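Visitor: Got a predicted structure here, sequence first:
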Amino acid sequence: MRMTRLLLKTLRELPADADMVSHQLLLRAGLVTPLAAGLYCFSPVGWRVMQRLAGIVREEMDAIGGQEVHLPALHPIETWEQSGRAETMGQTLFRLSDRKERGFALGATHEEVMSILASRSIQSYRDLPVMLYQIQTKFRDEARPRGGLVRLREFTMKDAYSFDTTWDALDHSYALAFGAYQRIFERVEVPVIPVLADSGAIGGKDSQEFIFLTESGEDEVLLCPSCGYAANAEKAAFAPPPPLPGEPLALEKISTPGQKTISDLVRSLGVEARQTNKAVFYRVDGKPVFVSIRGDLDVNDVKLQNALKAKQVDPMDDAMLRASGLVAGSASAIGLTGMTIVADTSVTAASNLVAGANSPDEHYLNTNYGRDWQADLVADIALARRGDACANCGTALETRRGIEMGHVFKLGTMYSEAMGVNYLDEAGERQLSIMGCYGLGIERMLAAIIEANHDANGIMWPAAVSPYDAHVVALNMDQEPVAEALAELERAFAGAGLSLLIDDRPDSAGIKFKDADLLGVPYRLTVSPRALEKGGVELRERRTGETSVVALADAVDRVKQGMA
RNA sequence: CGGGGUGUAGCUCAGCCUGGCAGAGCGCUACGUUCGGGACGUAGAGGCCACAGGUUCAAAUCCUGUCACCCCGACCA
């Protein structure tokens, strides 16, 4: 490709509004341009990289027996109603109507539709196992798109779904997908760590996320430096710091005017946060739920959802708060009726906690679980934090931020049941297929590759994903020997099946070199009178800056060597 | 959804406080000089100052409202 013909404009200055390095470089190198929040246009160069990423993903999925399909992105809303996700996806699902007012949704994911496709062909245990995948556009009405290509409202996902006869067989499919993901991330040179993730309350088993660790990431993971335990914050198990021991003392009501928060109490009463009982109100599947947890801990919504086997957990809204009669700022479970009470294990194990008195400006001293109040459910629902003890080995957990690149998930039978993916087993009995699903965000891979492979001058593409195999900087093209050498290079690279980006613009050498660094193709070939005098073309490696003059005839081999 | 910030040329921004001709740098076009790490000169093109309403002789500038975008938080099958 000749740059004089290429639709590309690099930016000398940093675009405002871009915080992440990948976002800045994507814009500066002209790979993408924004259309609206969470929506980007890909330029020819940006799209070439996307295509190479898709190609690598395709190769690895095919290698584990995946079969590529293509599903509609536009779904009748009934499809989502059938699985119940029209409701649970809430506002994230883009909805629209056709001219006859029939409801549709833009696919946020494809469990339902893939299940429908699979169910048409799967009839016997002989048809299983099967792994289906597609590389397709997803639409999600995210509350806040961010970070360039990190959180988009329209994005490309490789989503794969396995259908098996047994949970053991699913374990095998899951392991295959897991392995494929590891190979994909190795090939695109994005370091990821697998972390335990939550499988939700929908009957799934294991779930792991592939996290690219970066400070600009939006997900938090907890890592044990000693035993290697790694989990996302929602999932992370831990041993909470122990309560202060003590014999139960007499319950005492005190006046606490204006004190509504744990930190107010800590200040005015001179107690530690872990000597207080925090009240948190939720709306769970439409009903009020009161949660009691030690003042130094926070509720993990996902753990709460799992403990209650609930579909939807939200903070309680004002209307429900007023209707429930809860006294925000002085609430506790003592004497509370009319709603489900959930207690974290941290409060049932502690003694003499300060708690609300359910009347404004009053609190109790020395509340004790069992004596003063009871919960409908006692469970571990606390959020793990940095420094908490690893549940495996007791070492203090560390926290890191990262971006979720992929997610593998043992789904079970939720969708096969809802969408009717069943088969006859050897005994002629109808069975539900056991499903797994495996997602991978292609744009996120692109962003992570840049985050992980750049320097002050620009991008440094891994050879496997570079938009071109080599970047030719042609200087003094009007001179006959240069034009001839360039033509010879083009022939040689075309013959070898390698792609070239040729900077044939009539600009100064400095501009061309800067753009070559910014665009980040791994090999730069300078064709110029000076290089020809030295016996060929100048070959420069983007990563190392290593420069040498190679004979024209050897250029292809040198580039090929580096790609291997 | 809560908090903060920003909307002026393709990009980065100044001008706004204190109302009075629409600006700079980069980029773009033409010509000339230059020619291996973002050269220089000359001449140009390019604007609904986010949108709507108001105040005023006069609004990019002041007031009100709306919208968009970015950041933090909440949220995220």
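Guide: Great, that's in hand.
Visitor: can you give me the strands in the stretch 101-250 of chain A?
Guide: A:103-106, A:130-139, A:154-164, A:193-196, A:207-213, A:219-223, A:230-232, A:238-239 (DSSP state E, counting those that start in this stretch).
Visitor: Show the average pLDDT along the shortest one.
Guide: Mean per-residue pLDDT for strand A:238-239: 84.
Visitor: Need the mean per-residue confidence for the host helix or strand of A:His407.
Guide: Assigned by DSSP states H and E, A:His407 belongs to strand A:398-412. Average pLDDT, strand A:398-412: 92.
Visitor: do the same with stretch A:23-42
Guide: Rounded mean pLDDT across stretch A:23-42 is 92.
Visitor: now the strands of the stretch 101-250 of chain A as a markdown table including mean neighbour count?
Guide: Yep, even glycine has a C-beta here, placed from its N, CA and C like the rest. Formatted as a markdown table, the strands of the stretch 101-250 of chain A follow (neighbours: other C-beta atoms under 10 Å):
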| stretch | mean neighbour count |
| --- | --- |
| strand A:103-106 | 19 |
| strand A:130-139 | 20 |
| strand A:154-164 | 25 |
| strand A:193-196 | 19 |
| strand A:207-213 | 23 |
| strand A:219-223 | 22 |
| strand A:230-232 | 22 |
| strand A:238-239 | 18 |
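Visitor: Same list, these, but as TSV with distance to A:Gln82 please.
Guide: Shown next, in TSV, are these (distance: least, C-beta to C-beta, whole Å):
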stretch	distance to A:Gln82
strand A:103-106	12
strand A:130-139	19
strand A:154-164	16
strand A:193-196	30
strand A:207-213	23
strand A:219-223	30
strand A:230-232	29
strand A:238-239	38
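Visitor: who's in contact with the residue nearest to A:Asp515 when sequence neighbours are not counted?
Guide: Leaving aside its chain neighbours, A:Asp515 sits nearest to A:Thr10 (5.4 Å; criterion: C-beta to C-beta, 6 or more residues apart in numbering). The contact partners of A:Thr10, taken as C-beta atoms under 8 Å, 6 or more residues apart in numbering, are A:Arg28, A:Ala29, A:Gly30, A:Asp515, A:Leu518, A:Leu519.
Visitor: go on, A:Leu297?
Guide: Applying C-beta under 8 Å, 6+ apart to A:Leu297 gives the contacts A:Pro240, A:Arg274, A:Lys278, A:Asp344, A:Ser346, A:Ala382, A:Leu383.
Visitor: Can you give me the pLDDT of the closest residue to the fourth one other than its chain neighbours?
Guide: What sits nearest to A:Asp344 in space, not counting adjacent residues and going by C-beta to C-beta, 6+ apart, is A:Ile293, at 4.0 Å. Reading off the confidence values, A:Ile293 has pLDDT 90.
Visitor: Regarding A:Ile293, which helix or strand does it belong to?
Guide: Using DSSP H and E, A:Ile293 falls in strand A:287-294.
Visitor: Which other helices and strands does that strand contact?
Guide: strand A:277-284, helix A:301-308, strand A:340-344, helix A:345-348 (3 or more C-beta pairs under 8 Å, 6 or more residues apart in numbering; DSSP states H and E).
Visitor: Please name whichever of those is nearest to RNA strand B.
Guide: Evaluated over these, closeness to RNA strand B peaks at helix A:301-308, with 5.1 Å, by C-beta to the nearest atom of the strand.
Visitor: ok, and for that closest one, which residues are buried?
Guide: For helix A:301-308, the buried set under the neighbour-count rule, 16 or more other C-beta atoms under 10 Å, comprises A:Asp301, A:Val302, A:Lys303, A:Leu304, A:Gln305, A:Asn306, A:Ala307, A:Leu308.
Visitor: Likewise for stretch A:78-85?
Guide: Here stretch A:78-85 shows A:Thr79, A:Trp80, A:Gln82, A:Ser83, A:Arg85 as buried, counting by 16+ other C-beta under 10 Å.
Visitor: For it, give me every contacting residue.
Guide: With contact meaning C-beta under 8 Å, 6+ apart, stretch A:78-85 is reached by A:86-87, A:89, A:93, A:103, A:105, A:111-113, A:116, A:311, A:414-415, A:418-419.
Visitor: so how far is that stretch from its chain's centroid?
Guide: 24 Å (C-alpha atoms, centre = their mean, to the nearest Å).
Visitor: if you average pLDDT over that stretch, what comes out?
Guide: In this model, stretch A:78-85 carries a mean pLDDT of 94.
Visitor: Between the helices and strands packed on strand A:287-294, which one is closest to A:Leu321.
Guide: Among the helices and strands packed on strand A:287-294, strand A:277-284 comes nearest to A:Leu321, with 6.4 Å by C-beta to C-beta.
Visitor: So which elements touch that closest one?
Guide: Partner elements for strand A:277-284 (3+ C-beta pairs under 8 Å, 6+ apart): strand A:287-294, helix A:301-308, strand A:313-315, helix A:318-324, strand A:353-356.
Visitor: thought A:His363 was touching A:Ala331?
Guide: No. A:His363 is beyond contact range of A:Ala331, at 10.2 Å (criterion: C-beta atoms under 8 Å).
Visitor: Report the set of residues contacting both of those two.
Guide: A:Gly356.
Visitor: any idea whether A:Met435 is helix, strand or coil?
Guide: Under DSSP: H, G, I helix; E, B strand; the rest coil, the three-state class of A:Met435 is strand.
Visitor: what's the burial count for it?
Guide: When neighbours are counted by other C-beta atoms under 10 Å, A:Met435 registers 27.
Visitor: now swap in A:Glu546 and tell me
Guide: 9.
Visitor: Can you list the low-confidence ranges for chain A?
Guide: Residues of chain A that meet the criterion pLDDT under 70 lie in A:199-204.
Visitor: Of all residues in it, which one is nearest the centre?
Guide: Nearest residue to the geometric centre of chain A (C-alpha atoms, centre = their mean): A:Glu404, 2.6 Å.
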